[in-house]
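J.: need a structure here:
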Amino acid sequence: MFMKIFDPLNFLLLLALVSSNPQLWADDFAVNLPGDVKAVWDLTKAYHETTTARERICLNGLWQWQPSDAKSDQVPAGSWGFFKVPGSWPGISDYMQKDSQTVYAHPTWKDVKLGEISSAWYERDLSIPAGWDGRRISLNVEYLNSYVAVFVDAVKVGEIFFPGGDLDLTAACRPGSAHRLSLLVIALPLTGVMLSYTDSSSAREVKGTVQRRGLCGDVFLVGKPRGPSIQDIDVTTSVREHKLTISASIDGSESNRRYYLRTRISNGDAEVAEFTTASFRGSDLREGRFTFTEDWMPDNLWDTHTPRNKFDLHVSLVDESGQTLDSEWSRRIGFREFWIHGRDFYLNGTRIFLSAVPLDNAQVGAKECQIGDARRSHRQAPGPSPNRLSSCLGQSRRDARQQFLSKFCAGAGTG
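T.: Down below sits the predicted model:
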């Protein structure tokens, strides 16, 4: 018998060869990230938002990512790269869209033309808070183009469609445990074939496309109480009538059970106002909503020259014993009213002349969506200083759009 003798020189040469070629040393499961880049999600450090009854945890950041065949619903076992959430897939660039996110490609698909793909996989490990025992656990996707199949530990649990929404994960996730969340996202055009009018003399048929593909908005893990809950809130303010109207969408109510809505308005740590509605039954809801009006108007109105005059609105659903069943996320509101009389525009009772400018940063890219970049675009706009903005912020959550515009206006002096 012959024994192979270990040769240190050959071993060192082999090690040098592997180290010099990323395609050889890349992990079969996932590509190795540069030394200064970390794909870290920590339950204790992720952004949290809590109320007295619910909590949500942000899942944004670097996710494992790879292009996919839309016909396959098998969660990949390897060849993962990395891509940031939120962010539209790269590869489509023109005067209205720019790539601003880095794709860390795996060697097995680094030559794929990402501008031509229509589906991709996302994946990340997450932990469910132990304190969520007894809560309804869900995944919230705020802005999606256009469809996502959701898998927990490689088992499909449901789907979410454009423009976004929630999916119940309670049956698949256990509080205090770790799970692997995998998402198959497919960009589906509204129609497969469209008419293009770039040639003014005639229309021609072109393939339907989706310009901003993927998870383009925030993604949250949400823990809410089981049973009746508040789904959405609409707020209407009237300066002419000195009234505040709130309409709440309520899910899971019982037809014969009595409920109340408790509303609190604050400014920082200071309490401004508090209201409690008369009791109502689940059968009193109209199209799932309960609406009430209060005689209230603050001294400081939200106007073009006072964009910081805002308040925090807190709405809770309470049962007849006074127990809080659910508390909606805090909503930032301002009190103002705009109306038209004849040919004139009025804001808070004063005639106003509007000078508008479009703010299209949200269509360009994730970097340009930041407050600083948006304000820079505003300052560079030609002509007189505008007092009105026309903006397209996609299908992101309404209060998120309002929060963005509020922060923008507070620094730009525009209402």
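J.: use CA for all of it now, contacts and neighbours both
T.: OK.
J.: beyond the one helix or strand in the chain whose mean pLDDT sits lowest, next helix or strand please.
T.: Across the helices and strands of the chain, mean confidence by mean pLDDT, DSSP states H and E is lowest for helix 22-25: a mean of 42. Next helix or strand after helix 22-25 toward the C-terminus (DSSP states H and E): strand 48-50.
J.: now that next one: average pLDDT?
T.: Mean per-residue pLDDT for strand 48-50: 95.
J.: could you shift the numbering so residue one becomes 79, and keep it that way?
T.: Okay, using 79 as the starting number, the last item reads as strand 126-128.
J.: give me the contact list for it.
T.: Outside strand 126-128, the residues that touch it by C-alpha atoms under 8 Å, 6 or more residues apart in numbering are 133, 134, 135, 136, 407.
J.: go again using 7 Å as the cut-off
T.: For strand 126-128, the external contacting residues (C-alpha atoms under 7 Å, 6 or more residues apart in numbering) are 133, 134, 135, 136.
J.: same question, stretch 322-337
T.: Contacts for stretch 322-337 (C-alpha under 7 Å, 6+ apart): 305-316, 357-361, 366-374, 395-398.
J.: now do 6 Å
T.: Stretch 322-337 has contacts (C-alpha atoms under 6 Å, 6 or more residues apart in numbering) with 305-315, 357-361, 366-372, 374, 396-398.
J.: please apply the same query to stretch 382-399.
T.: So stretch 382-399 is in contact with 336-345, 380, 402-406, 408-412, 488, 492-493, going by C-alpha under 6 Å, 6+ apart.
J.: now do the end-to-end distance for it.
T.: From the first residue to the last, stretch 382-399 extends over 44 Å; the measure is C-alpha to C-alpha, to the nearest Å.
J.: so what's the gap between it and the chain middle?
T.: 21 Å (C-alpha atoms, centre = their mean, to the nearest Å).
J.: just stretch 362-369 next, same as before
T.: 27 Å.
J.: again, but for stretch 335-342
T.: On C-alpha atoms, centre = their mean, the centre of stretch 335-342 falls 28 Å from that of its chain.
J.: go on, stretch 389-403?
T.: Distance, centroid of stretch 389-403 to centroid of chain: 25 Å (C-alpha atoms, centre = their mean).
J.: can you check stretch 211-222 too?
T.: Per C-alpha atoms, centre = their mean, the centroid offset for stretch 211-222 relative to its chain is 12 Å.
J.: ok, residue 261 to residue 230 distance?
T.: Taking C-alpha to C-alpha, one finds residue 261 at 9 Å from residue 230.
J.: before we move on, what about residue 248?
T.: 11 Å.
J.: try residue 321
T.: Residue 321 is 47 Å from residue 230, by C-alpha to C-alpha.
J.: what does residue 349 give?
T.: 42 Å.
J.: give me the more crowded residue out of these two.
T.: Counting neighbours by other C-alpha atoms under 10 Å for residue 349 and for residue 230 shows that residue 230 has the greater number, 18 against 12.
J.: contacts only, for the closest residue in space to that one that isn't next to it in sequence.
T.: Spatially, and ignoring its direct neighbours in sequence, residue 230 is nearest to residue 259 (4.9 Å; C-alpha to C-alpha, 6 or more residues apart in numbering). Taking C-alpha under 6 Å, 6+ apart, we find residue 259 in contact with 201, 202, 229, 230.
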